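Undergrad: Structure, please.
(chains A and B)
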2 protein chains.
Amino acid sequence: MSNNTRQLALGAMMFFPAGEHISSWRHPRSEAEGLLSFDYYKRIVQTAERGRFDMFFYADELYVWDRFESGVSHSNHIRPEPFTLLSALAAVTSHIGLAATISTTYNDPYHIARKLATLDHFSGGRAAWNIVTSQTDEEARNFGKERHLQHELRYERAKEFVDVTQGLWDSWDEDALLFDKETGFFADKDKLHNLDHEGKHFKVKGPLNVSRPPQGYPVLIQAGASEAGKEVAAATAEVVFAPGGTLAEGQALYADIKGRLAKYGRSPDDLKIMPALMPILGDTEEEAAERLAEVENQTPDRLALDLLSHYIGVDVSGYPLDEPLPFLPEEEGFNQSKSRLQSIRELLINEDLTLIQVAKRVTTKRVFAGTPEQVADYIEAWFTGGAADGFNIAFPYLPGALDDFVEKVVPILQQRGLLRQEYEGTTLREHLGFSKPESRYAKTPETVTPQ
Amino acid sequence: MSNNTRQLALGAMMFFPAGEHISSWRHPRSEAEGLLSFDYYKRIVQTAERGRFDMFFYADELYVWDRFESGVSHSNHIRPEPFTLLSALAAVTSHIGLAATISTTYNDPYHIARKLATLDHFSGGRAAWNIVTSQTDEEARNFGKERHLQHELRYERAKEFVDVTQGLWDSWDEDALLFDKETGFFADKDKLHNLDHEGKHFKVKGPLNVSRPPQGYPVLIQAGASEAGKEVAAATAEVVFAPGGTLAEGQALYADIKGRLAKYGRSPDDLKIMPALMPILGDTEEEAAERLAEVENQTPDRLALDLLSHYIGVDVSGYPLDEPLPFLPEEEGFNQSKSRLQSIRELLINEDLTLIQVAKRVTTKRVFAGTPEQVADYIEAWFTGGAADGFNIAFPYLPGALDDFVEKVVPILQQRGLLRQEYEGTTLREHLGFSKPESRYAKTPETVTPQ
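TA: Predicted coordinates for the structure are as follows:
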């Protein structure tokens, strides 16, 4: 495959350890008992590497969803901590990128810069950071606060957080370390930079006590669906994790985000848009449809209704299940995911659904059910149709649905020349076709004027 | 070897990546260039596991020592982040314990509880936490503060931090997870506990989103040399990392700390005292002495003097090198390590040293130079003489000095019946002979009185 061929970017996504779906753990082929066994994750990520995925994309949240009893009883809100997981995975893989979801709202930039830099070193340049701002009051209460930080402040803090982190990654010039045993010079002190950052949200002196990551900066990912999110994505992100939807919606979002890059001095190729997609595979369309129904039926009504209540911030219990949902809150002042609220609003407008139907639909999103050929067609249509540079593939259950995808869909994508047969580079930036960012301290040598 | 034999506990310690000593990286047999390559650490820890060490003990600091130019130029203050390191090491080892040094001053309990719990799960019960409170203003400035937290407040915060962390580890009863796909019950909600902690330093609701660690709690380690430190150690620690010194000093400290346990309802066997020891091995005494001189000579005068200035909080540059140091600050109000200040004071009182001699001596501490037999004798004398339950072995350079220790000293300790030939258990608690702590929610069933 030539280097000039535009390559499909593929992420293997894990939202819950047992799969994308809140009830994935109930699927007959899920292995939810393994959720705190390293071998479970090792098998999954080695399979994704065999499937030549660009990266393993690990979601995260900082709480147990116990707002409703059903959340504890019926859903899986136990998950290993991202760095502890991904770093161990780096030791048992050689090429696949490793993307950690890390909140800028409940962390310190020094710790995160250091952990991502270490992961990037230990993995030989395979680290990525899915930058999130967290979503719930439950998370706030695990970190000394009563309420989640307000939406605009969260994004403001996120921008400053990323800026500080990048500054810390630049602490040491790439040739700063000398290791000169003879003279006793470990480092060239003139190639070490103090950050001395003092901003609205952070005050960080630096320098970082880890040298510059092999990738310069780990790859920055963001899920920028709100207006503020899209703007932060255009300014800083290299991968946008997009919500999916119809092809027309995908094309519109793609054009919108790519169109914002120029004002930040960036080209459209500097950012990859990767929608989420949960393929439900069947050998026939009928089998795929049956499997989709099986997935949808996994979720108890109570859990589906409580999840809807959570997403819209209003308790829907007590309303008739078989009548339409009579209201939704306004986005103004809404402090959870505004884009999810918007997608539920569109569902209510576009389709004539009862309350329980809406609730069930909300649990299975980003779905396409079909044969392996149909799934490959779907991916290709988005990829060639100006709606995606690749996909974050979600799985209705793990590890089985990933096994199936690698066995049945990956070879088709490879035959069509969309996906690599072998990794050509070793870093995630190389897989994605990105160059290594320069340090903020790298200067073009000035021309010396002779006196 | 019988289970009844008292076993020597052994830690393989890494202060700087290249060894214990601030100039270890200069040693001809150091491999300092590997300090951000995972293979370097993998080789070291697999060697320690082959030597049947109880644990790998990884020190940490949260800053680059740039108070003096010499710190950047001549010493190695780059080090990988502990969790990212130890978790990857868990994936390539099977028995050795993995101890992370984590500051309670610049972290959140929820994150630390979660990372340690994940490390404990992924390693099959091999995690330990070396609880430190940090030492310098440099660290404060990387976390939004100007000055390091005052000594008494640091220890107060540390106690509350550990209490919150243990409470979070108890969030899920051990039989709380059901994974019942048939009925849809993932967990028994009555076996999940909210912490609802509100204290002076922390407010944390919980529960933790990781289930109870295999060890109940990871093993708690502390370096309790100050009065406040010893008291916290007696109340909570299971391993005390002691400073070493003479046998008489070791015996006194051992008796002191063990004597404090009863008032916390603990027995002397509930806590292991492990002094630091840096053996310098030679085939003869003369060779060992030569190698010690070689190690001492690695440190440039400038660096040794600046390090002394740092430790005592007073700039000694400008004083004559060949005359005694005329002063030391009082401990009252001193906000770095009081025990280190005290050890320097004792050095000045007990020996007639010039400024440069004191400075050089400060860089090589906890040293015993001798033949492998002599080192084994030293260890045995402390172990049987009421001064130690084991040792944290430090190395003048890595990986060579660890290789030598495992090849030459370990077999002697094994022949004497002091050290295991093979691991008998799989968890660190089992290696150390500790039982698994009960959850704070575990209750003896009450006797029901018939009506």
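Undergrad: Next one: residue A:295, what pLDDT does it get?
TA: pLDDT, residue A:295: 90.
Undergrad: For it, give me phi and psi.
TA: Main-chain dihedrals, residue A:295, degrees, to the nearest 10: phi -70, psi -40.
Undergrad: I figured it hits residue A:281, correct?
TA: No: assessed by C-beta atoms under 8 Å, residue A:295 is found out of contact with residue A:281, at 11.5 Å. The C-beta positions use only the backbone N, C-alpha and C, and glycine is treated the same way.
Undergrad: So these two - more neighbours on which side?
TA: Under the criterion of other C-beta atoms under 10 Å in any protein chain shown, the comparison of residue A:295 against residue A:281 puts residue A:295 first, with 25 against 21.
Undergrad: Find me the pLDDT at residue A:364, would you?
TA: Reading off the model, residue A:364 has pLDDT 75.
Undergrad: Not counting sequence-adjacent ones, nearest residue to it?
TA: Spatial nearest neighbour of residue A:364, excluding adjacent residues (C-beta to C-beta, 6 or more residues apart in numbering or on different chains): residue A:296 at 5.3 Å.
Undergrad: tally of neighbours for the one you found?
TA: Neighbour tally, residue A:296, other C-beta under 10 Å: 18.
Undergrad: for the one 5 residues further on, same thing?
TA: Summarising burial for residue A:301: neighbours were counted as other C-beta under 10 Å, giving 12.
Undergrad: How about it: what's its closest non-neighbour residue?
TA: Nearest one to residue A:301, counting by C-beta to C-beta, 6+ apart, is residue A:356 at 6.2 Å.
Undergrad: correct me, but the one you found touches residue A:320?
TA: No: the criterion here is C-beta under 8 Å, and residue A:356 misses it with residue A:320 at 9.3 Å.
Undergrad: Look at these two and report which has more neighbours.
TA: residue A:356 (19 against 11).
Undergrad: Could you tell me the model confidence score at the more buried one?
TA: Predicted confidence (pLDDT) for residue A:356: 90.
Undergrad: so who does it touch?
TA: By C-beta atoms under 8 Å, 6 or more residues apart in numbering or on different chains, the residues touching residue A:356 are A:301, A:304-305, A:321-322.
Undergrad: can you give me phi and psi for it?
TA: phi -70, psi -30.
Undergrad: ok, now how distant is it from chain B?
TA: 16 Å (C-beta to the nearest C-beta, to the nearest Å).
Undergrad: Below-threshold pLDDT in chain A: ranges please.
TA: Scanning chain A for pLDDT under 70 picks out the ranges A:1-4, A:443-451.
Undergrad: Mind listing what's buried along stretch A:403-414?
TA: A:403-406, A:408-410, A:412-414 (16 or more other C-beta atoms under 10 Å in any protein chain shown).
Undergrad: Among the residues you listed, which lie within helices?
TA: Using DSSP state H, the subset of those located in helices is A:403-406, A:408, A:410, A:412-414.
Undergrad: and which of those is nearest residue B:326?
TA: Among these, residue A:406 lies closest to residue B:326 (C-beta to C-beta), at 72.5 Å.
Undergrad: Just the closest residue of the stretch 201-350 of chain A to chain B, please.
TA: residue A:205 (3.9 Å; C-beta to the nearest C-beta).
Undergrad: secondary structure class for the residue nearest the centre of chain A?
TA: Nearest to the geometric centre of chain A sits residue A:130, at 4.7 Å (C-alpha atoms, centre = their mean). In three-state terms, and counting by DSSP: H, G, I helix; E, B strand; the rest coil, residue A:130 is strand.
Undergrad: so what's it up against?
TA: A:57-59, A:99-102, A:221-223, A:241.
Undergrad: most neighbours, which of these?
TA: residue A:99 (30 neighbours).
Undergrad: That one looks like it's in a strand, true?
TA: Yes: assigned with three-state DSSP, residue A:99 falls within a strand.
Undergrad: That one contacts residue A:223, correct?
TA: No: applying C-beta under 8 Å as the test, residue A:99 and residue A:223 come out as separate, 11.6 Å apart.
Undergrad: residue contacts, residue A:189?
TA: B:69, B:72-73.
Undergrad: I'd like to know which of these are buried.
TA: If we count by 16+ other C-beta under 10 Å, these have these buried: B:72-73.
Undergrad: wait, which of the contacts of residue A:189 is closest to residue A:253?
TA: residue B:72 (46.9 Å).
Undergrad: Could you verify my assumption that that closest one touches residue B:64?
TA: Yes: counting by C-beta under 8 Å, residue B:64 is a contact partner of residue B:72 at 6.9 Å.
Undergrad: For the stretch 201-350 of chain A, which residues are neighbours of chain B?
TA: A:202-211, A:298, A:300 (C-beta under 8 Å from any C-beta of the partner chain).
Undergrad: Show me the beta-bridge partners of residue A:278.
TA: Going by DSSP bridges, residue A:278 is paired in beta bridges with residue A:367.
Undergrad: Can you tell me the closest non-neighbouring residue to the residue of the stretch 201-350 of chain A closest to chain B?
TA: Nearest non-adjacent residue to residue A:205 (C-beta to C-beta, 6+ apart): residue B:141, at 3.9 Å.
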